[in-house]
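Engineer: Fold the following for me, if possible:
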Amino acid sequence: MAQQQEEFEHWLSSGVRASFWVNRHRFEKSQSGDVIVDRGLFRRDEAQALFKMLTSPNPFTRMNATLVIWERNNILLIMTILFAVVLLALVLIRIRR
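Structural biologist: Here you go, the predicted model:
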């Protein structure tokens, strides 16, 4: 794990434009120097914290990191809206019976 941390720090500080993959999540550098993780924009310090969370042995920490990524690229919002629509449909079906 320490080697992967060093590789990430080197990738983050270097001028390399290639993607860096961590547990099915893609880290890319933007033109402004920020980091894009699965289409969500993060500052460099946020990306470092996210990397540490994703490589943590604690499954709750990894799940929390995934939720942060989903929130940043609006997947969490879309999932919440879809859940609300399905719940509303179920309520309407139940009322009509």
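
Engineer: Identify the residue nearest the geometric centre of the chain.
Structural biologist: For the chain, the residue lying nearest the average C-alpha position, counting by CA atoms, centre = their mean, turns out to be Ile69 (2.0 Å).

Engineer: could you point out which element follows the helix or strand containing that residue?
Structural biologist: Counting by DSSP states H and E, the element that carries Ile69 is helix 59-72. Tracing the chain past helix 59-72, the next element assigned as helix or strand by DSSP H and E is helix 75-96.

Engineer: Return that following helix as CSV; C-alpha atoms alone will do.
Structural biologist: Taking Å, rounded to 0.1, in the frame of the first residue of the first chain, the C-alpha atoms of helix 75-96 are listed here in CSV:
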residue,chain,number,x,y,z
ILE,A,75,-24.9,10.3,-9.4
LEU,A,76,-26.2,10.3,-5.8
LEU,A,77,-28.6,13.1,-6.6
ILE,A,78,-30.0,11.2,-9.6
MET,A,79,-30.3,8.0,-7.5
THR,A,80,-32.2,9.9,-4.9
ILE,A,81,-34.6,11.5,-7.4
LEU,A,82,-35.2,8.1,-9.0
PHE,A,83,-35.9,6.5,-5.6
ALA,A,84,-38.4,9.3,-4.8
VAL,A,85,-40.2,8.9,-8.2
VAL,A,86,-40.5,5.1,-7.6
LEU,A,87,-41.7,5.7,-4.0
LEU,A,88,-44.3,8.2,-5.3
ALA,A,89,-45.5,5.8,-7.9
LEU,A,90,-45.9,3.1,-5.3
VAL,A,91,-47.8,5.4,-3.0
LEU,A,92,-50.1,6.5,-5.9
ILE,A,93,-50.8,2.9,-6.8
ARG,A,94,-51.6,2.0,-3.2
ILE,A,95,-54.0,5.0,-2.9
ARG,A,96,-55.9,4.1,-6.0
